[in-house]
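Enquirer: sequence and predicted model, in that order:
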Amino acid sequence: MSRPLVAVVGRRAAQVPILRFSATLAAEAICEAVWAGGGEPVVLHGPAADPLTEMPRRLARFDGVLLPGGADVEPRRYGAEPAPETTGVVAFQDEFDLGVIRAVIDLDMPALAICRGMQILNVALGGTLIQHVVETDTVHHNAIHQVHVKRGTRLHGIVGTQSIDVSSYHHQAVDRLAPGLVVCALAADGVIEAVEHRRADVVAVQWHPEDRHADSITDAALFADLVDRARKRKESSR
């Protein structure tokens with residue numbers, strides 16, 4: 001049986017060199033994780049001339065979608081002025097990702113969103129972001145830390161436990177939750193660590209499951225779950 005095709009949304013180079021470096025490493029690790037989970041990763045790039053109205057057509061050949069991490073989301077997209085800490089904004093990337101998310105929901109495609117992917121999912125559906133998370137002695141969001149998973153959520157069914165260690169490096173986070181999303185995991189300081197869509201087949205996490213320095217078993221389960229959902233879509237479309 002052929003592997004289900006998973007579109008890994010490509011990333012344009014941010015203006016901040018370290019973001020370009022980290023995005024490249026993350027893309028490689030994500031593609032490897034999708035492959036290890038049984039899927040066929042295909043990077044989806046967007047030339048500037050590509051009309052976003054074509055996104056449903058472009059995604060139609062795929063069985064699942066993965067939105068990885070990346071640069072900060074432009075604050076004006078959720079009605080805020082940029083804070084001094086907001087960096088590396090790439091306008092076209094925002095447009096491209098928003099087009100992907102809208103098409104994913106319209107087509108009811110299986111999707112996993114990671115870090116920036118979760119943030120722009122929230123923005124796309126009408127939510128807002130914290131532009132700069134204040135670090136505390138309780139949680140460091142640029143290191144391995146513990147996350148509490150809510151029972152009864154889809155995420156709990158995937159990882160099979162209420163407490164997991166995750167590897168994250170971010171300074172923005174979900175503020176006002178968008179309609180249609182449900183919180184399924186929190187950090188000890190109250191930062192939202194994972195959400196899922198009430199109707200669409202979308203799960204999103206704030207941490208980086210492709211970074212296997214924390215809990216590799218539960219992180220691998222996220223990719224395996226995405227591939228499993230994509231495989232079911234592939235089989236049902238025959």
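Expert: Right, received. Where do you want to start? Numbers count the residues shown, from 1 in each chain.
Enquirer: doesn't residue 70 lie inside a helix?
Expert: No: read with DSSP: H, G, I helix; E, B strand; the rest coil, residue 70 is coil and lies in no helix.
Enquirer: my read: it touches residue 10, true?
Expert: No: using Cβ atoms under 8 Å, residue 70 is not in contact with residue 10; the gap is 9.7 Å. Any C-beta I mention is one placed from the backbone N, CA and C, and that applies to glycine too.
Enquirer: pass me the low-pLDDT residue ranges in the chain, would you?
Expert: Scanning the chain for pLDDT under 70 picks out 12-26, 48-52, 135-138, 212-216.
Enquirer: which residues in it form helices?
Expert: For the chain, the helices defined by DSSP state H occupy 17-36, 55-59, 91-107, 116-124, 154-159, 216-236.
Enquirer: to residue 180, which of these lies closest?
Expert: helix 91-107 (8.6 Å; Cβ to Cβ).
Enquirer: hang on, the earlier thing: export the helices of the chain to JSON lines and tack on mean neighbour count?
Expert: Listed next are these as JSON lines, based on neighbours: other Cβ atoms under 10 Å:
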{"stretch": "helix 17-36", "mean neighbour count": "17"}
{"stretch": "helix 55-59", "mean neighbour count": "17"}
{"stretch": "helix 91-107", "mean neighbour count": "20"}
{"stretch": "helix 116-124", "mean neighbour count": "26"}
{"stretch": "helix 154-159", "mean neighbour count": "19"}
{"stretch": "helix 216-236", "mean neighbour count": "19"}
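Enquirer: and the ones you listed: which comes nearest residue 141?
Expert: By Cβ to Cβ (comparing all of the helices of the chain), the closest turns out to be helix 116-124, at 12.8 Å.
Enquirer: what distance separates that closest one from the centre of its chain?
Expert: 7 Å (Cα atoms, centre = their mean, to the nearest Å).
Enquirer: tell me the helices and strands packed up against it.
Expert: The contact analysis (3 or more Cβ pairs under 8 Å, 6 or more residues apart in numbering; DSSP states H and E) places helix 116-124 against strand 64-67, helix 91-107, strand 129-130, strand 173-174, strand 192-197, strand 202-205.
Enquirer: can you redo those as CSV with distance to residue 41?
Expert: Below are those laid out as CSV (distance: least, Cβ to Cβ, whole Å):
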stretch, distance to residue 41
strand 64-67, 8
helix 91-107, 15
strand 129-130, 27
strand 173-174, 26
strand 192-197, 22
strand 202-205, 17
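Enquirer: let me know which of the ones you listed is the nearest to residue 146.
Expert: Using Cβ to Cβ, the nearest of these to residue 146 is strand 192-197, at 9.7 Å.
Enquirer: ok, the closest one: who's next to it in the sheet?
Expert: strand 181-187 (antiparallel), strand 202-205 (antiparallel) (DSSP bridges).
Enquirer: dump the helices of the chain to CSV, plus distance to residue 82.
Expert: Below are those laid out as CSV (distance: least, Cβ to Cβ, whole Å):
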stretch, distance to residue 82
helix 17-36, 16
helix 55-59, 26
helix 91-107, 12
helix 116-124, 14
helix 154-159, 31
helix 216-236, 31
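Enquirer: and the ones you listed: which comes nearest residue 84?
Expert: Nearest to residue 84, of those and by Cβ to Cβ, is helix 17-36 at 16.7 Å.
Enquirer: how near is the residue nearest to residue 83 when sequence neighbours are not counted to residue 86?
Expert: Nearest residue to residue 83 in three dimensions, chain neighbours excluded: residue 131, at 4.1 Å (Cβ to Cβ, 6 or more residues apart in numbering). Separation of residue 131 from residue 86 (Cβ to Cβ, to the nearest Å): 5 Å.
Enquirer: okay, and the common contacts of these two?
Expert: Jointly contacting residue 131 and residue 86 under the rule Cβ atoms under 8 Å, 6 or more residues apart in numbering are 72, 75, 172.
Enquirer: fine by me, we can end here.
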